[in-house]
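*Asks:* using only what follows, build the 3D model:
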Amino acid sequence: MSQIPADISISDPHSYSSTSHRIMTASCLREVVFVIQSQRNSFHVQRAERLRADLLLQTEELQESPPPILLLHTLSDSEGDWSILPSLPYFSSHFGKNSSWIMFLEEETNVKLEKLLTVLKKFVRRKEWFLGKPLHDDESTIIHHYAFAENPSSFKYPDFSAGWALSIPLINRLANKVQQEPLKSDFTIDLKHEVALYIWDEGKGPRLTAVPELCTLPENSPTAQHCATAVSTHSPLCGEPVTREDIFVAVKTCKKFHLERVPVVKKTWEKQASRLEYYSDHADPSIPTINLGVPNTDRGHCGKTFAILSRYVSSSVPKTDWLLIVDDDTLISLPRLQALLSCYDPREPVCLGERYGYGLGQGGYSYITGGGGMVFSREAVLRLLASGCKCYSNDAPDDMVVGMCLNAVQIPVTHSPLFHQARPEDYARDFLAHQIPISFHKHWNIDPVAVFNKWLNDSDSSAERLSTRLKEEL
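*Replies:* You can find the predicted model right below:
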């Protein structure tokens, strides 16, 4: 992670190396509580611990006592802690009297600590502040329930990757609200947008204040010199990518989509898979598809998904470390998935994808939304099936039932923002600009082959070129 530059002159208006400035920032340091939005999976714990160690190293360079640095997943046993709002009373009760800021960081956020403290010092700590790097929607989107449909870009919400902050007066007021009024929303879909909506409270609370020094530029970019935060934009890789033969791919389809959706899979990413089967309500040797004996349903597909899980651990298919279940309108890059999976241990129970939540304010559960792709380690599938957990009906929502089952056996759901339940245009452009995405979902009003080639196909351009192109488009 980046260190504070040592060659900035005192005459530089952006300089933060003078003795008086160090005294000021050191005093501010004691007023900041850092919360790393960590996860229970061992890879993510390591990333969070690395960030904490870097913050402590920078604190040592300031010759000050370290501030509180919390790992979100360790605060309690509650599954809802990752959704932030249920944790506000904890922050208020522990830090509401002697601190000024709660600063939230994602695991991949790189922080220039002294610069960040200088930025926070600009804001009157006794006021309610909601600080971050703003995102906005260019058009109304399903993942935000079509909010602000008449003017989608009017509402700003924070890009968590840049870090975001709440002042203690705001924390204290919101904590009281959470305790007095049960959280209303059943579903947690896009947390950053939902947190901003809750804080804004239809105009009763503050809107997001844009802070230019909170950035999602690459850490070593010349244009990031003014930034207090930056991000890693490269695709995660922790060693050799897992082999194609280590991933078994299950594509859910049905007869009515054999001619409409399956050809798209074959034109785009099917050739990236070594072991792949199509599962349908109709056996079609021309594809080929396999009929699992589960009737097709218009929604849910729980019966089909659990039949796939059972088949995966049987002798009917080759034994692999990983199972990927996708819809027939999922667009995905398997090479990028192979790279990502190098960071995870298949001997652990891993369930990976885009995480949603249900009833998290009332002790609910998390689940991987199916459209973006659900990734399971073999160990996770074995434990899930051994629990005896089953669908309550064939058309029950498969991803939610799987989430309930995982929660019952205490297998954590692991979130990756590189999986997407919706189309590229359903996400803020600035949010996608610092990603190397793994998947998107749905063919509605798009050319899916063109979308695949633009966003997910590395055959004619490297991931680095894709990242460069996205930034040029912004």
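
*Asks:* wait, what's in contact with residue 367?
*Replies:* Residues near residue 367 by C-beta atoms under 8 Å, 6 or more residues apart in numbering: 355, 356, 357, 358, 399, 400, 402, 403, 404, 406, 413. To be clear about C-beta, it is placed using only N, CA and C from the backbone, and glycine gets the same treatment.

*Asks:* what do you get if the cut-off is 6 Å, keeping everything else the same?
*Replies:* For residue 367, the contacting residues are 356, 399, 400, 403, by C-beta atoms under 6 Å, 6 or more residues apart in numbering.

*Asks:* quick one, which of these are buried?
*Replies:* Those of the contacts of residue 367 that meet the buried threshold are 356, 399, 400, 403, by 16 or more other C-beta atoms under 10 Å.

*Asks:* kindly indicate which of those residues lies nearest residue 312.
*Replies:* residue 399 (16.3 Å; C-beta to C-beta).

*Asks:* so that closest one sits right up against residue 372, yeah?
*Replies:* No. The pair residue 399 / residue 372 is not scored as a contact, 9.7 Å apart, by C-beta atoms under 6 Å.

*Asks:* beta partners of residue 230?
*Replies:* Bridge pairing for residue 230 (DSSP bridges) gives the partners residue 110.

*Asks:* what's around it, how many residues?
*Replies:* Neighbour count for residue 230, taken as other C-beta atoms under 10 Å: 26.

*Asks:* pretty sure it sits against residue 110.
*Replies:* Yes. Shown here, residue 230 and residue 110 form a contact pair, counting by C-beta under 6 Å, at 4.7 Å.

*Asks:* so for the spatially closest residue to residue 84 that is not a sequence neighbour, what's the pLDDT?
*Replies:* With C-beta to C-beta, 6 or more residues apart in numbering as the criterion, residue 84 has its nearest non-adjacent residue at 5.7 Å, and that residue is residue 195. Residue 195 is assigned a predicted lDDT (pLDDT) of 98.

*Asks:* quick check: which element contains residue 195?
*Replies:* If you go by DSSP states H and E, residue 195 is part of helix 191-200.

*Asks:* separation between residue 417 and residue 434?
*Replies:* Residue 417 sits at a distance of 10 Å from residue 434 (criterion: C-beta to C-beta, to the nearest Å).

*Asks:* more neighbours, these two?
*Replies:* residue 434 (22 against 18).

*Asks:* what's the neighbour count on residue 388?
*Replies:* Neighbours around residue 388, by other C-beta under 10 Å: 9.

*Asks:* repeat for residue 339
*Replies:* 22.

*Asks:* show me the contacts for it.
*Replies:* Residue 339 neighbours (C-beta under 6 Å, 6+ apart): 235, 237, 241.

*Asks:* again with residue 43
*Replies:* Counting by C-beta under 6 Å, 6+ apart, residue 43 has contacts 343, 344.

*Asks:* could you pull out the strands in the stretch 1-150 of the chain for me?
*Replies:* Secondary structure of the stretch 1-150 of the chain (DSSP state E, counting those that start in this stretch): strands located at 32-36, 69-71, 101-105, 109-111, 130-132, 134-135.

*Asks:* how about those strands in CSV, adding mean neighbour count?
*Replies:* Formatted as CSV, those follow (neighbours: other C-beta atoms under 10 Å):
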stretch, mean neighbour count
strand 32-36, 22
strand 69-71, 20
strand 101-105, 25
strand 109-111, 23
strand 130-132, 23
strand 134-135, 22
